Structures are given as C-alpha cells and as structure tokens.
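A.B. asks: turn this into a model:
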Amino acid sequence: MSAAVGSGGAADARCVNPPRLVVAAPSSGSGKTTVATGLMAAFTEAGLTVSPHKAGPDYIDPGYHSLATGRPGRNLDAYLCGTERIAPLFAHAAAGSQLAVVEGVMGLFDGAAGAGELASTAQVAKLLKAPVVLVVDASSQSRSAAALVHGFASWDPEVRVAGVVLNKVASDRHEALLREALEGCGVPVLGVLRRTAGAETPSRHLGLVPVAERHRDALESVSALAARVREGCDMDALLALARSAP
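C.D. replies: Numbering: from 1, shown residues only. Below you'll find the model as predicted:
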C-alpha cells in the first residue's frame, strides 16, 4: 500500500457523504465477505476511519465488519426500511468517516422474490450512487470470466460496475489468462486473490459463524483477510474509485 492511502487533503476530510464502494458478486459464495471485510480492515489499519455497511438484514457479517473497523456494522435493507430511507441511514452511519464500504447480498441483481430489483445490492448501489467492485470466483474458468463480467457490467446502465477482484485464482498462468481476457471488457482488474484455505471466515448452513461464538479466532481471521487483500489488491486504485463517487 503506497503513501497515497490515508494522505491528507480535502479528499480525506471527514464528511457525511464519504468516498464509498459497494462490494458485490455474481452469486453467493464468490468471496464478497472476504474482500469487503479485508478492505475494511486494511484501510482501517492504514489510518482511515471506515464506515462498514451490509446490504440486507444479515446480522452476522456486520459483526466481522465491526471487528475490522472498530465501528458498528450497519444494515441497509430497502425491503424492511423502504428505499427512501437508505441514503439517510447511510449518511447517519457514515458521519465522521473517511471511507464507506458496503458489502452486498447474494448476487448483484438478486432482490426480494417477485419484486424486481427491490432490496438488491444493485438497488442499494444506485440509491447511494456508489461504484461497484465485482468479486468473481475465477476458479475453473478463464475467458468465460470476461463474458460474465461483461454481462454484469452491461445489464443495468445505472449500476456502475467499475472494477473486478478475481478470487480463487490458481496460478500466475491462470491470472495471465484472466487478465488477457478481461482487457476488452472495459472493467479494470483491481485485485487478484489466490486460492487459499488460510484466510477464510468459517461458515455453516445458515451462513457465517457469528463473531460472538469465536471472538479470538475471528480477530485472527480479520487480520489475515486484511493482509490477504492488501497483498492482492490495488489499494490506491480502490480508494481512488471510492473517491470518484458523486
């Protein structure tokens, strides 16, 4: 991470409309929590005040977000709260922060059943006018990943898919194939994470294991996620992307 992260100036001023990112994925299990929690922790360790958020009613992920940032993890649920309250709730929770990271729910465009985009990550991103970083499980594919990213980036022109983090990449050769395929998509690769079993948040049939059930191990997991994301992602590019939000 270069000196640009956490540097002074007007762009770093604490405000109620902070730089912001939405971390989304094509589907559950792609690595959203790994990337979102790792980014929160890495930016916090770099000296930024990070406001953590989770799309939807999930109460487990925000526990990890709180460990990563030292601030309460806040839910942004358009189904329970109404679309008109998402931006005010976000502004209230993000007051005093220098960066906000929103972890999505399910796949980017998945919302309440039979209700179109309602309560989807895409809807939250549009309501917040926030750029989206798409986390793609790249295992067992190469050029097909480019088709997938192109489809997600073009599906709804109001959703700004502005970067990709490739997860579960097997090797340097695999990474090279993926980068080559993605060059024509117009969506930059902002991170590449190798396959590893050493920095994951344990799960069970209802989702992640709550922090309260494994506090010491959870702290170690969050620290490992920060190191993994810091090593594999272009932190300066991600911060610049967050600062591009209107």
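
A.B. asks: can we go C-alpha only for contacts and neighbour counts from here?
C.D. replies: Fine.

A.B. asks: what's the separation between Ser221 and Tyr64?
C.D. replies: Computed as Cα to Cα, to the nearest Å, the Ser221 to Tyr64 distance reads 9 Å.

A.B. asks: what does Ala78 give?
C.D. replies: Counting by Cα to Cα, the gap from Ala78 to Tyr64 is 22 Å.

A.B. asks: the more surrounded of those two?
C.D. replies: Using other Cα atoms under 10 Å as the criterion, Ala78 and Tyr64 rank with Tyr64 on top: 31 against 23.

A.B. asks: give me the residues contacting the helix or strand hosting the more buried one.
C.D. replies: Element membership of Tyr64 [criterion: DSSP states H and E] is helix 61-69. With Cα atoms under 8 Å, 6 or more residues apart in numbering as the test, helix 61-69 has contacts from 33, 37-38, 40-41, 44, 49-54, 71-75, 208, 210-211, 218-219, 222-223.

A.B. asks: mark which of those residues are buried, thanks.
C.D. replies: Buried members of those, counted by 16 or more other Cα atoms under 10 Å: 33, 37-38, 40-41, 44, 49-54, 71-75, 210-211, 218, 222-223.

A.B. asks: counting by contacts, list what the top helix by length along the chain packs against.
C.D. replies: The longest helix of the chain (DSSP state H) is helix 215-232. Judged by 3 or more Cα pairs under 8 Å, 6 or more residues apart in numbering; DSSP states H and E, helix 215-232 is in contact with helix 32-45, helix 61-69, strand 189-194.

A.B. asks: good, we can wrap up now.
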